[in-house]
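Asker: how would this look folded up:
(chains A and B)
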Protein chains: 2
Amino acid sequence: MRNKSPRHRWLSRAFALAILIVASVLHVTSARAEDGYELWLRYHPLTAGQATIYRIDASQLVMGSATPTQRVTREELQRGLLGLLGQAPSLSDTVTRDGAIIVGTPASSPLIARLRLDTADLGHEGYLIRHVNVDGHAATVIIANDDIGALYGAFHFLRLLQTDQPIAHLDLRDSPRVKLRVLDHWDNLDGSVERGYAGTSIWDWFKLPDWLAPRYTDYARANASIGINGVVLNNVNATPQILTPVYLEKVAALANVFRPYGIRVYLSARFSAPIEIGGLKTADPLDPQVQQWWRTKAGEIYKLIPDFGGFLVKANSEGQPGPQDYGRTHADGANMLADALAPHGGVVMWRAFVYSQSASADRAKQAYDEFKSLDGHFRANVLLQVKNGPIDFQPREPFNPLFGAMPKTPLMMEFQITKEYLGFATHLVYLGPLYEEVLSADTMTHGKGSTVAKVIDGTLDNHTLSGIAGVANIGTDQNWSGSVFNQANWYVFGRLAWNPTQSSRAIADDWVRMTFTNDVAFVKPVVDMMMGSREAAVDYMTPLGLHHLMGPGHHYGPAPWDASEPRADWRPVYYHRADSEGIGFDRTRSGSDAVDQYEPSIAAQFNDVKQTPEELLLWFHHVSWDYRMRSGQTLWYELVAHYTQGVDHVMQMRETWSRLDGYIDTERYQQTATFLAIQEREAQWWRDACIAYFQSISGRPLPPGFAPPQHSLKYYESLSFPYVPGH
Amino acid sequence: MRNKSPRHRWLSRAFALAILIVASVLHVTSARAEDGYELWLRYHPLTAGQATIYRIDASQLVMGSATPTQRVTREELQRGLLGLLGQAPSLSDTVTRDGAIIVGTPASSPLIARLRLDTADLGHEGYLIRHVNVDGHAATVIIANDDIGALYGAFHFLRLLQTDQPIAHLDLRDSPRVKLRVLDHWDNLDGSVERGYAGTSIWDWFKLPDWLAPRYTDYARANASIGINGVVLNNVNATPQILTPVYLEKVAALANVFRPYGIRVYLSARFSAPIEIGGLKTADPLDPQVQQWWRTKAGEIYKLIPDFGGFLVKANSEGQPGPQDYGRTHADGANMLADALAPHGGVVMWRAFVYSQSASADRAKQAYDEFKSLDGHFRANVLLQVKNGPIDFQPREPFNPLFGAMPKTPLMMEFQITKEYLGFATHLVYLGPLYEEVLSADTMTHGKGSTVAKVIDGTLDNHTLSGIAGVANIGTDQNWSGSVFNQANWYVFGRLAWNPTQSSRAIADDWVRMTFTNDVAFVKPVVDMMMGSREAAVDYMTPLGLHHLMGPGHHYGPAPWDASEPRADWRPVYYHRADSEGIGFDRTRSGSDAVDQYEPSIAAQFNDVKQTPEELLLWFHHVSWDYRMRSGQTLWYELVAHYTQGVDHVMQMRETWSRLDGYIDTERYQQTATFLAIQEREAQWWRDACIAYFQSISGRPLPPGFAPPQHSLKYYESLSFPYVPGH
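Answerer: Alright, predicted model coming up:
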């Protein structure tokens, strides 16, 4: 390169300066207009210093574009690097300079094959990222056995830049520990979303299959970036119409959009569909006509969607039809569907969330009672999908006793991402700690270290089929999840699904950096706030093992007094059992004996009031209001203290956030500030209503130093909410 | 200014070049990502040439910011000019250079007062824009009597730039001809929108009053830019809850957002609210307790919203409660509410869309029959809101005979912007020609020239109170209206509401330029396409005066055979009356005599099959299939020809659009292309289903040269649509 003349130097400096100015204007402009749509894939410019360093190792992109997945991988890297570094790497067929990024598989790239890197343990979806020297040039390779692994690796590489990590000497490899990592959409065909707090369904069924909204692609990108590889499109309370040809064509159109991103489509199947859309007189799983109907239906689906994932089924639960309607077992039902799907490689995800139509002595026991004995009776392509706790996605539950109790059956975890019981859209509650608490719980079934995570990932009982599902919090809101912070719950679900042993704090740290900024003055307090937020919600809603105290039907706000639901086990009073003597559900051997659904050493612990962790005390024990807690205070005191502490924590979150104005764009800052104000008001409402109610039962005076409820119990009982979302 | 050194010249040229490059990159980037949210207020950069010219006359902004309206006016001008010209004018207290823009009122600005321009005829909302010389400098003044007029003027000024008009020597003045220019939202409190095809309600009631979405402000900006000054927030099929304190607080929060933009909030009031939320035993308008309840309620509302607009009421129509439930008249009901609102300056908009619970001989006659005799019986603050035609927003109806028939009552026009009967979200149907056709129709009531527009603007009968309403097509879809082209219907409604004598073609031209581009190679064919689109829809749905042939309940697609509705006058067969002899509704003197609801000369014309415009033939006459049309062909031939022509026109629109790829961003281009494909398929469906059905009745062979329907009548009859939006 010839020496530059002074004029040329001026020219290039002026150019650079102008571009910097425009870029900073751009930054300001875009900072003003952030509506959250970009999620954690914002790719906004890094600081000039950091970008300069990264550009050294991102000068050139050497990769194929022969397959759809290769093409979207290349697009994502170009988009990401252009956004983050202000310049996209040049595309090249060979490595011609330092800082090349080489992406692909040994099979698709002779260059990669020549490197002879060990990919044996990467499996189908894993990848390695390594600093290498190619033809005398420093390079970074992102290598996988299959295209999809390379896409996952590309997202990992981008994440390193987004989170301010060094990339000069990378040597890492990763692959998912769980095979099926699935979002369950409780979306109805009319566009409503059961327990959805982020607008309506993003599936525009009416305009499908013609109109493929750009949002579908962005949805797939977001999922692939965190390793999600399956999507159940419709509500478990399913309508049979989804299985009719006109809707299957729409489903196929979505599957086509998702396919390059490694995402398979699944459907919730209504068990009685053979009657409703098949014209049969029965849906009996042992009836040959019924079996044939499902085989034919499966064939029809796979003709349209060759990589169709399979069915999710809610049967004989909350009024849904199922095999028990014909005197058959859940295994009979699941196996019949499994047999229809098996020739095509599909699976059945059969939900264990069942309870009989008539209220039982302890609803918490029913899933175990129904399924435990069926272990070993399911086909190889059946997974049993078990909610994290034995009741229903409460702020805190002990782990579900089915985990560890069915060694011959792959158990799939069902988490809830949408915050049905955790404050809907507006409460800032990061669910990472909840997920981590459950996954790290020790079932003890094979001795110490038999964690729920090991049940889920199949290693405890040597299952090759494994899965984890999250009930999505996604809707048509421009920010996808109803609030920016709810995006973190989608994010952490995906990351933990990939590897259930990760730290939810580390994931929160990544998310904050990708979503907002790498400025530690912002990152640190926000991660702290997130990490404490779930315990705060437990405290202001259902501390000390309380559960199911929310408003009837819509599940909004506190209603510990409510007895309006038709079923006893839908009523808060069924769960807290407060009386003048004490409070709590006796699930010990002298009570419902739910404790004995756990491994004996755990059962013994839960059976003993003194050994039971206080955070689960009232889940397992009915104890006196005057019971002495470890603090030396009475239960009544601790109850009031916990409720108060929950509200105090929300106040602290508001205070923290108020100090962070200016670090991020106005729109997301302001929305969060507003939502925290709502959360504080509603936390206060929860606290006050519950204290007012429990005080009316306990007859105890408020412990000194605690503020009395702002209103009378009568006031709280009088509130009604006719138009609650998600209901 | 000192001479620049060569180095400086290089520097500035390099700068300019760099900025141009970045700007063009930006332009490409943003062109890729246009989701339609910006509507016609995009303010994207003009061509460099045009921007340079405009900058001469937009160098400086001299205006106050003492009031909220002044501040939003200033912000809009800064935003608009920055976006269009690449630089915002400098703010100044005085005119210091050529090209100043001076904005304000004589009262708020001594500078403007000093100009002594005549503002007497501008009224409260009008403005003048004029080129003047101030202190030796060329300047443009935007002057009004009130802040809101200046805001309207600012939007007009920006429109001139957006549409490539000269601004150097402006001298124009404008003020609205209609006082109340209102959007009616048929939005329910649960978020659904009756007849909404653009997602759900943009009012997030659950998060109000706390969370004021930025979208509310953008909604107000869009409305103000076209002169809309009122919003009815909730569905005419109203729930009483909207009038409870908790919801009124939410309404007040929205009113606060809208107020700086000159927009008043109105509510649909349920007539029986005194019973449902007031605890009274009756809603009889002559009952003193009922009257007192409404007076108290009005006081409560105005305390929260001092500029509350008033009530819209649907009473004794389609099952809604009303004064007739108590043996009272519509006037009794309207006046009772009017008396409650009068002390606060509010109005009642009482809908004339009523028809009795039992089907009558001719539903088209009912509104006239019910209301004509009440002329002169309404309070001064009551407007009667009349749909454009006598049935219900059909693709074509004759004008409503009430126009001109109630000289003592201000009649408010009710148009439908949402396309309930015109293809929902996906059909490209520009409604400007429909509105224009109705507004320019001559009622003849005061002789020739007694147009509907003059009834509406009050000039025909000297009313100072006047109004026009449009049923909104707005929802949570990111593009607001379900498609980009549906935005044009919101736009043209606003512009015609301001001045009902404008040309819908000129307005389409403005809209296309503001929404897409000023490139005439794009503008001309797109405006042509829009102008022909409504006639095409009439042709492929309901040609020659046919009406109400759509699917039952959901109104999707053709169902001329349908007799499933419980009421005779909800069934297509009631309207087309096809039999082996002929087709059409005999509304002549030998039939239902609806013709005599019109002024005698018009009645005579409509009564005579030979004088009736053929486009309304079957509205007024039952004629033989073999009736000779003006073309010399039979009615049956013309019917088939019109249906075919409708489909052909859509094919031409697709063809036109396919030649326009590259003129605009990919996202909006592609969505429109997809929607046109849907429209063509559905137009074909309408044509084929209607021809198949009418042929089964007429027994006539298909005229030579026309393709037979693609499917059998049985096939079309078998289609069912369980999840149609808006229903």
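
Asker: First-to-last residue distance for stretch A:536-552?
Answerer: 22 Å (C-alpha to C-alpha, to the nearest Å).

Asker: All the helices of the stretch 301-450 of chain A, in order from the start?
Answerer: Assignment of helices within the stretch 301-450 of chain A using DSSP state H, counting those that start in this stretch yields the ranges A:330-341, A:366-371, A:432-439.

Asker: Now mean pLDDT too, for these, in TSV please.
Answerer: Below are the helices of the stretch 301-450 of chain A laid out as TSV (pLDDT from 0 to 100):
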stretch	mean pLDDT
helix A:330-341	98
helix A:366-371	95
helix A:432-439	98
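
Asker: for those, which one sits closest to B:Leu434?
Answerer: Closest to B:Leu434 of the helices of the stretch 301-450 of chain A is helix A:330-341 (C-beta to C-beta; 52.1 Å). In this view, the C-beta of every residue, glycine as well, is placed from N, C-alpha and C.

Asker: Just to check, A:Arg130 is in contact with A:Gly153?
Answerer: No - between A:Arg130 and A:Gly153 there is no contact under C-beta atoms under 8 Å: 10.3 Å.

Asker: Pull the number of nearby residues for the spatially closest residue to A:Ala213 that is not a sequence neighbour.
Answerer: Among residues not flanking A:Ala213 along the chain, A:Asp204 sits closest, at 6.2 Å (C-beta to C-beta, 6 or more residues apart in numbering or on different chains). The number of residues packed around A:Asp204, counting by other C-beta atoms under 10 Å in any protein chain shown, is 22.

Asker: Need phi/psi at A:Asp204.
Answerer: phi -90, psi 80 (degrees, to the nearest 10).

Asker: Quick one: residues contacting A:Phe371.
Answerer: Going by C-beta atoms under 8 Å, 6 or more residues apart in numbering or on different chains, A:Phe371 touches A:His330, A:Ala352, A:Leu384, A:Leu402, A:Met406.

Asker: I misspoke; the intended subject was A:Tyr598.
Answerer: With C-beta under 8 Å, 6+ apart, A:Tyr598 has these contacts: A:Pro401, A:Thr443, A:Phe606.

Asker: I'd like the contacts of A:Phe371 as TSV, with neighbour count and distance to chain B appended.
Answerer: Converted to TSV, the contacts of A:Phe371 look like this (neighbours: other C-beta atoms under 10 Å in any protein chain shown; distance: C-beta to the nearest C-beta, whole Å):
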residue	neighbour count	distance to chain B
A:His330	26	29
A:Ala352	24	30
A:Leu384	25	31
A:Leu402	23	35
A:Met406	23	38
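
Asker: which element follows the helix ranked longest in chain A toward the C-terminus?
Answerer: Counting by DSSP state H, the longest helix found in chain A is helix A:666-698. Counting by DSSP states H and E, the next helix or strand C-terminal to helix A:666-698 is helix A:713-718.

Asker: Which residues does that following helix contact?
Answerer: Here helix A:713-718 has contacts from A:Pro558, A:Ala559, A:Trp561, A:Trp685, A:Asp688, A:Ala689, A:Ala692, A:Tyr693, A:Gln695, A:Ser696, A:Pro709, using C-beta under 8 Å, 6+ apart.

Asker: so how far is B:Phe424 from the residue nearest to A:Ala213?
Answerer: A:Asp204 sits 12 Å away from B:Phe424, going by C-beta to C-beta, to the nearest Å.

Asker: cool, A:Pro543 as well?
Answerer: 50 Å.

Asker: how about the strands in the stretch 51-200 of chain A?
Answerer: Assignment of strands within the stretch 51-200 of chain A using DSSP state E, counting those that start in this stretch yields the ranges A:60-63, A:90-91, A:100-104, A:127-134, A:137-144, A:171-174, A:180-184.

Asker: mind giving me TSV with these and columns for mean neighbour count, mean pLDDT and distance to A:Glu370?
Answerer: Shown next, in TSV, are these (neighbours: other C-beta atoms under 10 Å in any protein chain shown; pLDDT from 0 to 100; distance: least, C-beta to C-beta, whole Å):
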stretch	mean neighbour count	mean pLDDT	distance to A:Glu370
strand A:60-63	21	98	50
strand A:90-91	12	96	57
strand A:100-104	26	98	48
strand A:127-134	19	97	41
strand A:137-144	23	98	41
strand A:171-174	14	97	37
strand A:180-184	26	98	21
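
Asker: For A:Ala23, give me the pLDDT.
Answerer: Per-residue pLDDT puts A:Ala23 at 42.

Asker: for A:Pro214, same thing?
Answerer: 97.

Asker: Count residues in the vicinity of the residue lying closest to it once chain neighbours are set aside, would you?
Answerer: Leaving aside its sequence neighbours, A:Pro214 sits nearest to B:Glu667 (C-beta to C-beta, 6+ apart; 6.1 Å). A total of 18 residues lie near B:Glu667 under the criterion other C-beta under 10 Å.

Asker: Wait, B:Glu667 touches B:Asp35, no?
Answerer: Yes - contact criterion C-beta under 8 Å: B:Glu667 and B:Asp35 qualify, at 6.2 Å.

Asker: so which residue of the stretch 301-450 of chain A comes closest to chain B?
Answerer: Nearest residue of the stretch 301-450 of chain A to chain B (C-beta to the nearest C-beta) works out as A:Thr426 at 6.6 Å.

Asker: Which helix or strand contains the residue most central in space within chain A?
Answerer: The centroid of chain A falls nearest to A:Phe493 when counting by C-alpha atoms, centre = their mean (3.3 Å). Element membership for A:Phe493 (DSSP H and E) is helix A:484-498.

Asker: Which residues does the helix or strand following that helix contact?
Answerer: Per DSSP H and E, helix A:484-498 leads on to helix A:504-515 as the next helix or strand towards the C-terminus. Helix A:504-515 is contacted from outside by A:39-42, A:159, A:162-164, A:430, A:432-433, A:435-436, A:484, A:487-488, A:491-492, A:495-496, A:522-523, A:526-527, A:530-531, using C-beta under 8 Å, 6+ apart.

Asker: tell me the angle of helix A:504-515 relative to helix A:484-498?
Answerer: 130 degrees (axes from the mean of the first three to the mean of the last three C-alpha atoms, to 10 degrees).

Asker: and the residue of the stretch 451-600 of chain A nearest chain B?
Answerer: Counting by C-beta to the nearest C-beta, the stretch 451-600 of chain A gets nearest chain B through A:Thr476, at 5.8 Å.

Asker: ok, now which ones touch that residue?
Answerer: Contacts of A:Thr476 by C-beta under 8 Å, 6+ apart are A:Ala198, A:Gly199, A:Thr200, A:Ser201, A:Ile202, B:Gly199, B:Thr200, B:Thr476, B:Asp477.

Asker: and what of A:Ser201?
Answerer: So A:Ser201 contacts A:His185, A:Asp187, A:Asn188, A:Gly191, A:Ser192, A:Val193, A:Gly475, A:Thr476 (C-beta under 8 Å, 6+ apart).
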